[in-house]
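Trainee: need a structure here:
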Amino acid sequence: MSDLSKIPVTVITGFLGAGKTTLIRHLMQNPQGKRLAVLVNEFGTAGVDGDILKSCAVPDCPAENIVELANGCICCTVADDFIPTIEALMALPETPEHILIETSGLALPKPLLKAFDWPAIRSRITVDGVIALADAEAVAKGQFATDVDAVQAQREADDSLDHDTPLAEVFEDQISCADIILLSKADLAGEDGLAKARAVIEAEAPRKLPILPMTEGVIDPRVVLGLNAAAEDDLDARPSHHDGHHDHEHDDFDSIVVDLGEVNDPDALQAAIVRMARDLNILRVKGYVAVTGKPMRMLVQAVGERLRAQFDRPWGDMPRQTQLVVIAEHDHIDETAIRAALAV
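Mentor: Numbers count the residues shown, from 1 in each chain. Below is the predicted model of the structure:
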């Protein structure tokens, strides 16, 4: 049982587009009477996820309790960014009673857990639990995981071959570090897809874990909060590909921010994003679109070729401009081609 005097922290991890922000929004709206704070770590410089959450702030989690770290992976900038930010949250006039941390889709959770052992914060906070989201439909299709037995057999046959892609390592590390796995977008996967995804994750997990389906980020907060896992004291049970390494690099991934003016034809832009994802191997696109004649801003979220768009709130005092964050593996970031693809 964790020390009740410590502030519990829930780390929410998961691959790009798995639905972390949607889950946090649900938890903010159902705080179980607790005063929440949220730390959002994005890959790229445009604070889309943080802005989404601030737009739905509630009395138990006001906008000033939502903090963004947008310039660097949280597990690579512990001393410079993470520790000071946690200290600032704990110094708020009304101390948070629970802190939610949304990692970037590329973050390795174990280095972050190690940060909770820093003397500056160890006596004051504890990791209540690590929640890993996995896109059930994608995992069922084998997009972010491999056949473990087959890979092992290939490795034994030829030690010079490396069959794990960077994406697979990120996915496996997130699963290995988790206390609970949430299979997001369960409605898109269907029962057969959920069964396949569950089998993949059970094969990857180093120990038996609860694996629960979730749609639109909705799950009973009592299931994912209040786990008392004290994960910072349980690191040996959470193996990582990067154990023994002092750091890791994200040079395998890159992002650019594309600024556009007002868009006359949002359908054409959405079609262009889908084509770009297919033709240029883009992993993720997210941002806001200023549609001519519309007072509301349009939120765009794309994972590969799957895109969602909705008008989420009026622009208000914000400048009316279209800004999209595009994320891909480093070798597939061709800024000229990306900008040309989005020039509709």
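Trainee: Quick one: mean pLDDT for stretch 5-23?
Mentor: The average pLDDT for stretch 5-23 rounds to 87.
Trainee: can you point me to the longest helix in this structure?
Mentor: Looking across the chain with DSSP state H, the single longest helix is helix 186-204.
Trainee: So for that one, mean pLDDT?
Mentor: Computed over helix 186-204, the mean pLDDT rounds to 93.
Trainee: residue boundaries of the strands in the stretch 101-250 of the chain?
Mentor: Ranges of strands within the stretch 101-250 of the chain are 125-135, 180-184, 211-213, based on DSSP state E, counting those that start in this stretch.
Trainee: would you turn the ones you listed into a markdown table with mean neighbour count and distance to His332?
Mentor: C-betas here are computed from N, CA, C, even on glycine. What follows is those, written out as a markdown table (neighbours: other CB atoms under 10 Å; distance: least, CB to CB, whole Å):
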| stretch | mean neighbour count | distance to His332 |
| --- | --- | --- |
| strand 125-135 | 26 | 20 |
| strand 180-184 | 25 | 24 |
| strand 211-213 | 18 | 31 |
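Trainee: Out of those strands, which is closest to Val257?
Mentor: Nearest to Val257, of all these, is strand 125-135, at 23.9 Å by CB to CB.
Trainee: sorry, back to before: list the buried ones in the longest helix of the chain?
Mentor: By neighbour count with 16 or more other CB atoms under 10 Å, helix 186-204 contains the buried residues 186, 189, 193-194, 196-198, 200-201, 204.
Trainee: Next, format the strands of the stretch 101-250 of the chain as CSV and append distance to Leu39.
Mentor: As requested, these are arranged in CSV below (distance: least, CB to CB, whole Å):
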stretch, distance to Leu39
strand 125-135, 11
strand 180-184, 19
strand 211-213, 24
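Trainee: ok now do Val9, which residues does it touch?
Mentor: Residues near Val9 by CB atoms under 8 Å, 6 or more residues apart in numbering: 98-101, 116, 125-128.
Trainee: Any chance of CSV for these, columns pLDDT?
Mentor: Converted to CSV, the contacts of Val9 look like this (pLDDT from 0 to 100):
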residue, pLDDT
His98, 92
Ile99, 91
Leu100, 93
Ile101, 90
Phe116, 82
Ile125, 90
Thr126, 91
Val127, 91
Asp128, 91
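Trainee: Indicate which one of the strands of the stretch 101-250 of the chain is closest to Asp234.
Mentor: Comparing the strands of the stretch 101-250 of the chain by their distance to Asp234 (CB to CB), the top pick is strand 125-135, with 8.7 Å.
Trainee: what packs against that closest one?
Mentor: Under the contact criterion of 3 or more CB pairs under 8 Å, 6 or more residues apart in numbering; DSSP states H and E, strand 125-135 touches strand 7-14, helix 20-29, helix 109-115, helix 166-177, strand 180-184.
Trainee: Rebuild the ones you listed as CSV, extending it with distance to His241.
Mentor: Formatted as CSV, those follow (distance: least, CB to CB, whole Å):
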stretch, distance to His241
strand 7-14, 15
helix 20-29, 21
helix 109-115, 9
helix 166-177, 5
strand 180-184, 18
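Trainee: Quick one, which of those gets closest to Tyr288.
Mentor: Nearest of the helices and strands packed on strand 125-135 to Tyr288, taken as CB to CB: helix 20-29 at 13.8 Å.
Trainee: So which other helices or strands are in contact with the closest one?
Mentor: If contacts are counted by 3+ CB pairs under 8 Å, 6+ apart, helix 20-29 sits against strand 7-14, strand 36-41, helix 48-54, strand 98-102, strand 125-135, strand 180-184, helix 221-224.
Trainee: and the fifth one with strand 98-102, angle?
Mentor: If you take axes from the mean of the first three to the mean of the last three CA atoms, to 10 degrees, strand 125-135 sits at 40 degrees to strand 98-102.
Trainee: what's the closest of the strands of the stretch 101-250 of the chain to Asn228?
Mentor: For the strands of the stretch 101-250 of the chain, proximity to Asn228 was assessed by CB to CB; strand 125-135 is nearest, at 6.4 Å.
Trainee: Quick one: distance of that closest one to the chain centre.
Mentor: In this view, strand 125-135 has its centroid 11 Å away from the chain centroid, taken as CA atoms, centre = their mean, to the nearest Å.
Trainee: Likewise for stretch 267-276?
Mentor: 23 Å.
Trainee: how about that stretch: buried residues?
Mentor: Buried, per 16+ other CB under 10 Å, within stretch 267-276: 269-270, 272-274, 276.
Trainee: could you give the mean pLDDT of it?
Mentor: Mean pLDDT, stretch 267-276: 95.
Trainee: Pull it out as CSV, backbone CA atoms only.
Mentor: The C-alpha trace of stretch 267-276 is given here as CSV (Å, rounded to 0.1, in the frame of the first residue of the first chain):
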residue,chain,number,x,y,z
ASP,A,267,-13.3,17.8,-47.4
ALA,A,268,-10.5,18.3,-50.0
LEU,A,269,-8.0,18.8,-47.1
GLN,A,270,-9.2,15.7,-45.3
ALA,A,271,-8.8,13.7,-48.6
ALA,A,272,-5.3,15.2,-49.0
ILE,A,273,-4.3,14.1,-45.5
VAL,A,274,-5.5,10.5,-46.2
ARG,A,275,-3.6,10.4,-49.5
MET,A,276,-0.5,11.9,-47.8
